[in-house]
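> Got a predicted model here, sequence first, then my questions.
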Amino acid sequence: MAQTNVLAGHGSTTNSIKIFAGNSHLQLAKLVAKRLGLDLARVAVLKYSNQETSVTVGESVRDEDVFIIQTGAGEINDALMELLIMINACRSASARRITAVVPSYPYARQDRKDKSRAPITGKLVANMLTKAGCDHLITMDLHASQIQGFFDIPVDNLFAEPMMCKWVRDNVPECKNLDCIIVSPDAGGAKRAAAMADKLGVDFALIHKERKKANEVSKMILVGDVRGKVAVLVDDMADTCGTLGKAAEVLIENGATKVYAAVTHGVLSGKATSIINSSPLTKLVMTNSIPHEDKALLCPKIETIDISMTLAEAIRRTHNGESVSYLFGNVPDGMGELDVVG
């Protein structure tokens with residue numbers, strides 16, 4: 001992998017790339033940097049005894065193209081403050097452009113005013129990122145596409161769908177015989193599941209769910225025929241996994257031979273691992289947009305899809321001024337040269 005080329009001659013300025021990482025998902029940041037043939041830039045992110053976040057950028061970023069990788073995981077508020085302070089530190093240090101690479105966007109589920117006096121916190125986060133000095137956002141599978149409209153800066157919302165489709169083709173033999181069906185666990189994800197079904201050339205079904213309260217499903221109704229087929233549940237996020245567990249039971253009760261689940265962001269909070277272990281799910285496939293190595297040790301059904309290649313290619317294309325839309329429907333199979341744009 002070629003290192004970044006730097007244009008530094010008489011009368012010219014350094015115009016290179018720096019990759020920074022917060023503490024929320026250091027392993028993913030290292031994988032992305034390795035894909036690009038770079039080392040992570042030096043930065044110290046720590047907490048004082050009073051829980052204040054301190055950031056010290058350890059090298060010059062003047063006139064650099066800066067990418068900060070920080071996902072919405074773990075202690076969400078700490079991760080968000082780390083990101084905001086790192087952006088502001090680079091802005092104060094005269095970075096040429098600052099791109100926040102946030103695979104899992106924090107507070108994405110608070111994207112609308114669904115009841116009286118409810119805050120639209122997803123918009124608040126957008127305002128904070130912009131005010132801190134962010135010039136561009138790269139994220140993946142936003143919970144609601146309209147979140148892109150919360151920003152007055154460019155937003156590239158990448159999709160895990162190409163990687164999910166590849167996994168299904170490679171690991172579900174019934175897909176080749178059309179004995180596979182893509183299922184959305186709720187009406188909100190119908191568009192996502194239907195698009196994946198079209199790409200794979202298989203049928204599509206959905207489950208209508210009724211909730212008593214947040215994170216608690218009371219009733220599920222299957223719309224579609226899954227008899228004698230392998231069902232693949234598709235969703236953008238797995239939090240408590242109550243929905244996936246109940247959906248898998250409904251599908252088995254309605255004649256599905258096997259049930260897989262493919263989700264982008266594996267939050268896996270509370271008793272999620274025990275719910276998955278006791279459910280009829282054969283496998284739960286998730287990207288590494290959120291770290292879940294500890295959960296995978298507790299749940300052998302978990303399988304991980306690495307998104308570092310897609311993020312690295314998005315960074316390369318952004319830096320070189322190339323179109324990112326290729327990544328919306330394709331899995332990158334190799335990296336180009338990370339040449340500097342003059």
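Thanks, I have the structure now. Everything numeric here is computed off the predicted structure, so don't read it as measured data.
> ok, then the element right after the one helix or strand in the chain whose mean pLDDT sits lowest?
Ranked by mean pLDDT, DSSP states H and E, the weakest helix or strand in the chain is strand 216-223, scoring a mean of 76. Downstream of strand 216-223, the next assigned helix or strand under DSSP states H and E is strand 230-238.
> What is the distance between that following strand and the centre of its chain?
15 Å (Cα atoms, centre = their mean, to the nearest Å).
> which helices and strands sit right next to that strand?
strand 180-184, helix 190-200, helix 242-253, strand 258-266 (3 or more Cβ pairs under 8 Å, 6 or more residues apart in numbering; DSSP states H and E). In short, each C-beta sits where N, CA and C put it, glycine included.
> Redo those as TSV? Include mean neighbour count and mean pLDDT.
Shown next, in TSV, are those (neighbours: other Cβ atoms under 10 Å; pLDDT from 0 to 100):
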stretch	mean neighbour count	mean pLDDT
strand 180-184	27	94
helix 190-200	18	92
helix 242-253	22	92
strand 258-266	25	95
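> Tabulate these (CSV), appending distance to residue 324.
Shown next, in CSV, are the helices and strands packed on strand 230-238 (distance: least, Cβ to Cβ, whole Å):
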stretch, distance to residue 324
strand 180-184, 26
helix 190-200, 18
helix 242-253, 30
strand 258-266, 17
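> what about the ones you listed, which gets the closest to residue 219?
helix 242-253 (9.2 Å; Cβ to Cβ).
> Run through who's touching that closest one.
183, 185-186, 207, 209, 215-217, 220, 222, 226, 231, 233, 235, 238, 259, 261, 263, 275-276, 278-281, 284 (Cβ atoms under 8 Å, 6 or more residues apart in numbering).
> Please pick the buried ones from those.
183, 185-186, 207, 209, 217, 220, 222, 226, 231, 233, 235, 238, 259, 261, 263, 275-276, 279, 281, 284 (16 or more other Cβ atoms under 10 Å).
> coming back round to it: out of the helices and strands packed on strand 230-238, which comes closest to residue 288?
Nearest of the helices and strands packed on strand 230-238 (Cβ to Cβ): strand 258-266, 8.4 Å.
> What strands flank that closest one, and is each parallel or antiparallel?
According to DSSP bridges, strand 258-266 forms sheet pairs with strand 230-238 (parallel), strand 283-287 (parallel).
> Centre of the chain to that strand, how far?
14 Å.
> And the average pLDDT for the helix or strand following that strand is what?
Next in sequence after strand 258-266, counting helices and strands by DSSP H and E, comes helix 272-278. Per-residue pLDDT over helix 272-278 has a mean of 93.
> which ones are touching the residue nearest the centre of the chain?
Note on the chain: the residue nearest the mean C-alpha position is residue 103, at 3.5 Å, using Cα atoms, centre = their mean. Listed by Cβ under 8 Å, 6+ apart, the contact set of residue 103 reads 25, 28, 71, 139-140, 265, 287, 289-290, 307, 311.
> top of the residues you listed by neighbour count?
The most neighbours of any of the contacts of residue 103, using other Cβ atoms under 10 Å, belong to residue 289, which has 29 neighbours.
> mind pulling up the phi and psi values for it?
phi -70, psi -30 (degrees, to the nearest 10).
> Equivalent analysis for residue 53, please.
According to degrees, to the nearest 10, residue 53 has phi -90, psi 130.
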